[in-house]
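Q: Quick one, structure for this:
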Amino acid sequence: MDKVVMNSDAERGPEWSYAPGTQSFHKATPSKENYLSKFKKLLKEEELPSQFEKMWNKVFVLACVLAVSLDPLFFYIPMIDKKQKCIVMDSKLKTFAIVFRLLSDLTYIMDIIYYIAKASKALKREKPPLVWKKGEFRKYTLEVTRRLSWLHVLVDFLAILPVPQVAILILLPKWKTKSKSSLHTKTFPNAVILSQYVPRIFRIYLSCVEFTRSAGMVAGTLWVKGALNFFLYILASHILGSFWYFFSIQRETSCWKQACQGKTGQCATRICDCGSSNATLLDLSCPKDPSNTTTLFDFGIFLDALKSDVVDSNLNDFPKKVFYCFWWGLRHLSSLGDNLETSTYTWENCFAVSISIIGLLLFLYLIGNIQIYMQLAATRSEDIRQKMKSKIIDIDTWIEKNDLPKSWKPVMVQKLQHILEKENRDVDVENLFSLLPAADRMSIKHHLCIKILRKVRVFQNMKQSVLEDICSHLKPVIYGENSYIVRDGDPLDRMLFVTQGTLLAFTSSRSNSNAGSSSSASSSGKSIFSTSSGSMRRLKKGDYHGEELLEWSLTHLSFTEFPISTANVMCHTKVEGFVLKANDLLNAVKRYWWHFKRLSPYSSSNVSHLQVERWQFLASSVIQTLWRRKRAKKPANYFRHVHGGNLQGSSDK
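A: So this is what the prediction gives:
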């Protein structure tokens with residue numbers, strides 16, 4: 001059942017506006033100015049809206065995920081020209097990677113600005129602005145920095161450092177010289193590039209934690225953690241595959257360096273430059289199928305990349321290159337690097353060890369999430385069991401209190417369990433009526449209200465089908481103890497049928513003389529107490545109030561004005577019941593006007609001219625409705641045939 005809440009006009013919400021002189025409300029349409037000034041108002045507000053924070057967290061997480069996923073493209077920029085034995089760059093991929101990296105860095109910068117604005121607005125709420133006075137600005141700045149979330153700002157700052165741009169675009173060209181210092185520059189950028197993924201991935205983790213905290217739902221938390229675990233697994237495979245590609249090129253250049261040791265000329269000075277004449281020597285010294293050679297350069301785990309030609313500049317199919325490297329990373333990450341056959345090269349073994357450690361950490365993270373999920377599921381199951389136990393008692397009490405068949409209990413219990421388990425929300429024990437399906441709710445309305453409707457004089461001899469249709473428009477309500485349903489002098493816009501509780505309908509001596517016959521008509525079957533100062537009626541289970549509204553509907557053409565209540569109706573206890581709104585009652589009178597005219601005690605004698613117009617109006621309305629329905633079902637040529645082809649003329653009549 002729905003609790004009745006009386007709202008003032010100001011509480012109708014910003015989407016409704018009042019039209020003076022029309023006594024009505026209409027829905028306001030947003031203007032173009034509202035949309036244009038929305039962002040400006042957001043900046044001027046003293047506090048950032050919570051919805052904006054949630055939206056920004058979602059947008060920022062998606063931007064971070066996209067940025068981390070596309071950062072490995074930098075490692076696919078260098079390629080090997082097999083014919084000239086040199087390193088070349090993929091210019092298109094280089095342009096795309098740099099542009100996208102700049103865009104992703106802007107997202108991190110905006111996040112830093114967001115946290116600064118958040119701290120500034122929080123300070124302004126506590127300390128009104130005297131900050132522009134002499135000496136106050138420095139104090140204000142220090143206060144803002146103190147309130148900053150430095151963990152987020154520091155991680156964002158580390159994430160935007162241009163490490164891959166410097167390593168790939170500046171340090172990589174230095175490999176083309178043979179100098180000892182430049183060859184050793186290969187180790188340092190590798191470690192720096194790997195280290196930058198730590199703040200980028202950690203920032204995604206922080207955003208996911210904020211998102212789950214704002215969501216406040218167990219199911220949402222588990223979903224986010226599961227998605228994060230799967231994403232980290234795919235991302236790690238993608239990153240490891242790109243590093244495998246990049247390190248394969250480095251091992252190839254290391255083989256060229258070893259082959260040129262002790263040599264003179266271009267082999268000594270231009271190891272990686274295109275156009276040198278070292279191709280034959282390097283082919284013999286760095287074979288990809290070394291089964292027939294005696295002096296071998298052990299490529300280790302990178303031999304597969306060189307033999308498959310994914311590092312070859314002639315391979316123009318970029319997706320083929322990326323997916324092959326991704327599959328290599330996924331396969332060895334899943335096996336924790338068990339089937340990797342490494343050489344004795346130190347950094348190669350470090351790379352293989354990192355694959356095993358990352359795979360193990362992801363597996364442990366997954367196991368931890370599963371354990372947490374099982375604990376939460378067990379706790380939630382116990383909570384649901386305890387709630388079900390108490391709610392079933394409430395259901396039994398409600399069924400017994402309303403004299404309902406116990407056959408409805410299993411349906412309500414099943415619906416209750418579905419709400420607690422699937423929808424993850426509590427159930428109001430006062431709203432048990434909503435637990436039933438629509439068909440069962442209709443049956444309960446008939447069971448509770450048909451007998452009460454029969455007590456109304458107009459409905460006493462009414463057909464059962466008419467009463468059942470009226471029952472379908474009854475709305476369940478609950479009124480709190482000592483609350484007023486209607487006051488003396490207020491418009492009466494509903495009939496109330498009481499199913500539980502007690503009401504007091506009382507009039508003062510001033511209004512008692514004006515109540516007349518309508519008050520006595522409304523009090524049929526109710527206890528009436530009269531005093532010199534007024535009268536009081538006690539309404540209990542099975543009684544009704546508001547028969548004046550029914551009389552009004554049978555004697556007036558429309559509800560342009562409602563009848564005025566001649567009594568105060570107050571709840572002595574908590575009251576449960578059903579109400580029939582004025583519009584629903586008017587529609588019922590229109591649909592079944594012949595039954596109301598025949599059985600109405602208000603129009604059987606002394607019929608006035610106004611009452612005759614009322615029934616004529618209702619009869620013509622019903623005939624017009626039936627005619628429109630018939631025309632909607634019949635084809636157009638049917639009416640041309642009936643009216644001699646003058647369809648337009650027939651429609652104008």
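Q: Report the rounded mean pLDDT for stretch 103-117.
A: Stretch 103-117 carries an average pLDDT of 81.
Q: Strands along the stretch 401-550 of the chain, start to end?
A: Taking DSSP state E, counting those that start in this stretch as the test, the strands found in the stretch 401-550 of the chain are 475-479, 484-486, 494-500, 503-508, 527-531, 534-539, 544-545.
Q: worst average pLDDT in these?
A: Comparing mean pLDDT across the strands of the stretch 401-550 of the chain, the weakest is strand 527-531, with a mean of 49.
Q: just to revisit the earlier point, any chance of CSV for the strands of the stretch 401-550 of the chain, columns mean neighbour count and distance to S195?
A: (Glycine included, C-beta is placed from N, CA and C.) Shown next, in CSV, are those (neighbours: other C-beta atoms under 10 Å; distance: least, C-beta to C-beta, whole Å):
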stretch, mean neighbour count, distance to S195
strand 475-479, 19, 63
strand 484-486, 18, 71
strand 494-500, 22, 70
strand 503-508, 20, 75
strand 527-531, 11, 85
strand 534-539, 20, 78
strand 544-545, 25, 77
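Q: Can I get those strands in CSV including distance to F157?
A: Formatted as CSV, the strands of the stretch 401-550 of the chain follow (distance: least, C-beta to C-beta, whole Å):
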stretch, distance to F157
strand 475-479, 57
strand 484-486, 62
strand 494-500, 64
strand 503-508, 68
strand 527-531, 79
strand 534-539, 71
strand 544-545, 70
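Q: Nearest to L303, out of the ones you listed?
A: Closest of the strands of the stretch 401-550 of the chain to L303 is strand 475-479, at 76.2 Å (criterion: C-beta to C-beta).
Q: Pull up the gap between Y479 and S354, please.
A: 69 Å (C-beta to C-beta, to the nearest Å).
Q: my bad, D403
A: From D403 to S354 the distance is 73 Å (C-beta to C-beta).
Q: what about the two, which has more around it?
A: A side-by-side neighbour count of D403 and S354, using other C-beta atoms under 10 Å, places S354 first with 15 against 10.
Q: Would you mind measuring from the more buried one to Q371?
A: Taking C-beta to C-beta, one finds S354 at 26 Å from Q371.
Q: H332 too?
A: 26 Å.
Q: Name the residue in the two with the higher neighbour count.
A: H332 (22 against 10).
Q: mind listing the strands in the protein by residue range?
A: 2-3, 16-19, 24-27, 78-81, 86-89, 475-479, 484-486, 494-500, 503-508, 527-531, 534-539, 544-545, 568-571, 575-581 (DSSP state E).
Q: and the end-to-end length of stretch 298-309?
A: 17 Å (C-alpha to C-alpha, to the nearest Å).
Q: What residues sit buried inside it?
A: Neighbour-count burial for stretch 298-309 flags 299-303, 305-306, 308 (criterion: 16 or more other C-beta atoms under 10 Å).
Q: Any chance of the residues you listed in CSV with distance to E551 and pLDDT as columns?
A: Shown next, in CSV, are the buried residues of stretch 298-309 (distance: C-beta to C-beta, whole Å; pLDDT from 0 to 100):
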residue, distance to E551, pLDDT
F299, 100, 82
G300, 98, 85
I301, 94, 89
F302, 95, 87
L303, 98, 87
A305, 92, 86
L306, 97, 84
S308, 92, 84
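Q: can you tell me which of those are in helices?
A: Among the buried residues of stretch 298-309, the members found in helices (DSSP state H) are 303, 305-306.
Q: So which of these is the closest to F100?
A: A305 (24.6 Å).
Q: separation between the nearest residue to that closest one once chain neighbours are set aside and V88?
A: The shortest distance from A305 to any non-neighbouring residue, by C-beta to C-beta, 6 or more residues apart in numbering, is to S248 (3.8 Å). S248 sits 15 Å away from V88, going by C-beta to C-beta.
Q: between these two, who's got more neighbours?
A: Legend: neighbour count by other C-beta under 10 Å for S248 and V88, higher for S248 (22 against 14).
Q: Quick one: residues contacting that one.
A: 299, 302, 305-306, 311 (C-beta atoms under 8 Å, 6 or more residues apart in numbering).
Q: now the stretch 1-150 of the chain, which segments are flagged as low pLDDT?
A: For the stretch 1-150 of the chain, applying pLDDT under 70 flags the ranges 1-52, 122-149.
Q: Could you rerun that using 80?
A: 1-58, 82-86, 114-150 (pLDDT under 80).
Q: cool, the stretch 201-350 of the chain as well?
A: 204-228, 256-298, 313-317.
Q: same check, this time on the stretch 501-650 of the chain
A: By pLDDT under 80, the weakly predicted segments of the stretch 501-650 of the chain are 508-535, 551-562, 586-587, 589-650.
Q: What ranges does the stretch 51-200 of the chain have for its helices?
A: For the stretch 51-200 of the chain, applying DSSP state H, counting those that start in this stretch gives helices covering 91-126, 136-147, 150-159, 163-166, 180-183, 187-215.
Q: Can you name every helix or strand that the longest one contacts?
A: With contacts taken as 3 or more C-beta pairs under 8 Å, 6 or more residues apart in numbering; DSSP states H and E, helix 91-126 sits against helix 50-70, helix 136-147, helix 150-159, helix 163-166.
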